[in-house]
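**Q** Give me coordinates for this.
(one chain, ligands or ions: 2)
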Amino acid sequence: LTAEQWKGKTIYQLITDRFAPASDTAPARTSPIPTVCNPIDQTWCGGTWLSVIDKLDYIQGMGIDAVWISPISKNIDVHTPYNYAYHGYWVTDPLTLNPRFGSDADLKALSAALHARGMYLMVDVVVNNIPSLSVNASTNATALTADGSRWTDPSYFHPFCWIDYNNQTSVEYCWLGDENLALMDVNTENQYVISTLQSWISNFTTTYQIDGLRIDAAKHIPGAFWPGFCGAAGVFCIGEVYGSDIGFASQFQTQSWMDSILGYPLYYGIVDGFGTPNGNMSGFVTIANQVLTAFPKPYLLGNFIENHDLPRWRNTTVDPQLAYNAMVAQFVFDGIPIVYYGQEQDFSNGAADPYNRAALWPSNYTNTSTYQHIARLNMIRKAVIANNTLFNGQSFLNSTSKIIASTATDVAIRKGPLLAVLTNRGSPSQNASFGVTQSGWSSQSSVVDVLSCKSFTTGADGTISVSYAAPGYGGMPYLFMSQADVQSLGVCSSG
Ligand code: ABC
Ligand code: CA
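**A** Ligands and ions are numbered 1, 2, ... in the order given. The predicted structure follows:
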C-alpha cells in the first residue's frame, strides 16, 4: 500500500519472539522454550508468526490497525558472544524465511488474519549488513558460505572498517557491530546485489501481501540505493535514521530517497519536553518546529516514545502523568503513531537492549489505564480523521500541527479540530494554570476535553485557561474539541 494509505494508521511495533507465547494453535519453532523468558539470556522465548495471530484482539482492542513485526529473514543460527538471534536482526540471507518464526504458510496466515480485520502488515527489512563471527571473514568466502550467507563472494561486501559516526561516508561504507560480532557491510552498489535484492523484495511483498516496510539502518546505505529498492517493493517504506540531526534526516524526504523515516528527531524533542518533571519544554518546541519546517511530509513520520533500541519510557520517567502527556504529543502531532509492545503495560524494566525486550505474556495482557489511554487516543484520531467537516473543514489529516502557545512547562498544539494542551509539571497537583490565547475559538465558546469529557468555556478572545489544581487534573493532558464537533462525532456520548 502507498504512503498516503498509511497516514491515518496507528502502528504497533512488536518483537515476534516476545509478543505472544507459543500455544496449541501456534506451536513454538524452537525447543526447549524457557519456562521464564529472561531478557538477559538473549535467547528465543517461543513467539512466532502464528502466535501473533492469537493476540490480535488485544492489539485491535487498543484501536491499533497496523502491526510491525521483526525481520522475517533467516538469521545466524549459532551461539554468538551476544547469544542468540531471537530479535531477527542478524540476517544472513534476506531471501529465505526464518524457520525460527514459522513457515511460508504461517506468514501468509498472519498476513491474511490482519487483512481480515482491516489491519496492515509492516515487515522490518535488513539489507545493510550480514553478521559474521570473525572480522576477517570478509576475505574468506568459504566461511561466509558456512555461515549461510546469501553473499558468498568478498566483492559483495565493503572492505572492513568500523564506522566513524563523524563521517557520513564511513557511516555508509564501514561496518556496524563490534569485534564480538561484526555486521559486515553489504556492497549495495554492486549490480548483482542490487538486482537480487530488488527482485526479492518485489516478489516478497506480493507473495505475502505486505503493506509496508520498516527499513533497518537506512542511514547506512547511500540514498541513491533506496528509490530502486522501495520502488521494487511497491509499498510504503519508513526508514530507521537513528539520530537527532534533522538536517540530515530530512533528506530522506527532500531527496525522495524514501517515503518517510521513523521520528527520531521528534522523539528527542518529546524526551526533552516530557522526559523529566519541569523538563525542557522550549527544547520540545524548538525541535517540533524544526521538524515541521524541514520535512515536506511530516504527517508520514513514525512517532514513537520507545522502541527496541531505546530505554522504556517508564524506565527513565516513572511519572504516569508525564507519560500520558508524551503520548498525547505522540498521537496529535503530525505523523503516524507507533506504540512499542509493552508501552501499554507500563513496562519499565529496560534501560537498554536486551532489557527493553521482555516477553509480554507475564503482563497477562491486562486492560491497564495506559492501554485505555491509548485506546481513547486512537478512537479520537479515527473519529476526527473520518470526518472532514469539523472546525470549518480544517480536517485533522490535512492540517499541519502548529504550536500556538508555550511556557517553560506547558505547550499548546493545534492540529485541525483538536487542541492539545500539555504540561510537564508531573503528578502532584499545582496551584498553577496555563492560559492559551488565540485558541482558534471565539470567546464564550463551548469546548470539551475529550480525554475526560468535561466541558469548558473560552474566555475573552477565545482564551482557554487550564488549571493544574483542578480536581483530577494534576499534571494531566487536556485535548480540546468544540462542543459541536464532539456532539457530531459522539466521542463523549455516555447515553
Ligand atoms: C548487540 C547485543 C547487545 C549489545 C550490542 C553491543 O550488540 O544484542 O546486547 O549491547 C541488532 C540487535 C541488537 C544487537 C545489534 C548488534 O544488532 O537488535 O540487539 O546488539 O549486533 C538497528 C536496529 C537494531 C539492530 C541493528 C543492526 C540496527 O534497530 O535493533 O541491532 O541490524 C546504530 C545504527 C542503527 C541501529 C542501532 C542499534 O545502532 O545506526 O541502525 N539500529 C548513535 C548513532 C546511531 C547509532 C546509535 C546507537 O548511536 O548516531 O546511528 O545507531 O549505537 C543521540 C545522537 C545519536 C546517537 C544517540 C546514541 O544519541 O543524536 O546520533 O546515535 O543523542
Ligand atoms: Ca552500508
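
**Q** which bits of the stretch 201-350 of the chain sit near ligand 2?
**A** Listed as neighbours of ligand 2 in the stretch 201-350 of the chain under the rule Cβ under 5 Å from the ion: 220, 221. To be clear about C-beta, it is placed using only N, CA and C from the backbone, and glycine gets the same treatment.

**Q** List, one by one, the residues from the stretch 301-450 of the chain near ligand 1.
**A** Residues of the stretch 301-450 of the chain that fall close to ligand 1, judged by Cβ under 6 Å from any ligand atom: 308, 309, 353, 354.

**Q** The third one and residue 158: what is the separation?
**A** Separation of residue 353 from residue 158 (Cβ to Cβ, to the nearest Å): 25 Å.

**Q** Let me see the contact set for residue 245.
**A** Contacts for residue 245 (Cβ atoms under 8 Å, 6 or more residues apart in numbering) come out as residue 265.

**Q** again, only this time at 10 Å
**A** By Cβ atoms under 10 Å, 6 or more residues apart in numbering, residue 245 lies in contact with 168, 219, 251, 264, 265.

**Q** Confirm the last one sits in a helix?
**A** Yes. Following the definition DSSP: H, G, I helix; E, B strand; the rest coil, residue 265 is counted among the residues of a helix.

**Q** Surely it touches residue 287?
**A** Yes. In this structure, residue 265 is within contact of residue 287 by Cβ atoms under 10 Å, at 6.0 Å.

**Q** Could you list which residues are in contact with the closest residue to residue 449 other than its chain neighbours?
**A** Closest residue to residue 449 apart from its sequence neighbours, by Cβ to Cβ, 6 or more residues apart in numbering: residue 478 at 4.8 Å. By Cβ under 10 Å, 6+ apart, residue 478 lies in contact with 325, 328, 412, 419-423, 434, 436, 447, 449-452, 454, 456, 464, 466-467, 470.

**Q** any idea where the helices of the stretch 351-495 of the chain begin and end?
**A** Counting by DSSP state H, counting those that start in this stretch, one finds helices in the stretch 351-495 of the chain at the ranges 369-386, 483-489.

**Q** just so I know, which of those helices lies nearest residue 319?
**A** Relative to residue 319, the nearest member of the helices of the stretch 351-495 of the chain by Cβ to Cβ is helix 369-386, separated by 12.5 Å.

**Q** Can you give me the buried ones in that closest one?
**A** Neighbour-count burial for helix 369-386 flags 370-371, 373-378, 380-384 (criterion: 16 or more other Cβ atoms under 10 Å).

**Q** Give the residues shared as contacts by residue 265 and residue 287.
**A** Residues touching both residue 265 and residue 287 (Cβ under 10 Å, 6+ apart) are 244, 246.

**Q** For the two, indicate the residue with more neighbours.
**A** Counted by other Cβ atoms under 10 Å, residue 265 and residue 287 do not tie: residue 265 has more neighbours, with 26 against 22.

**Q** Next one, pLDDT for the more buried one please.
**A** At residue 265, the predicted lDDT confidence score is 98.

**Q** did I read that right, residue 214 in a strand?
**A** Yes. Remark: residue 214 belongs to a strand, assigned using three-state DSSP.
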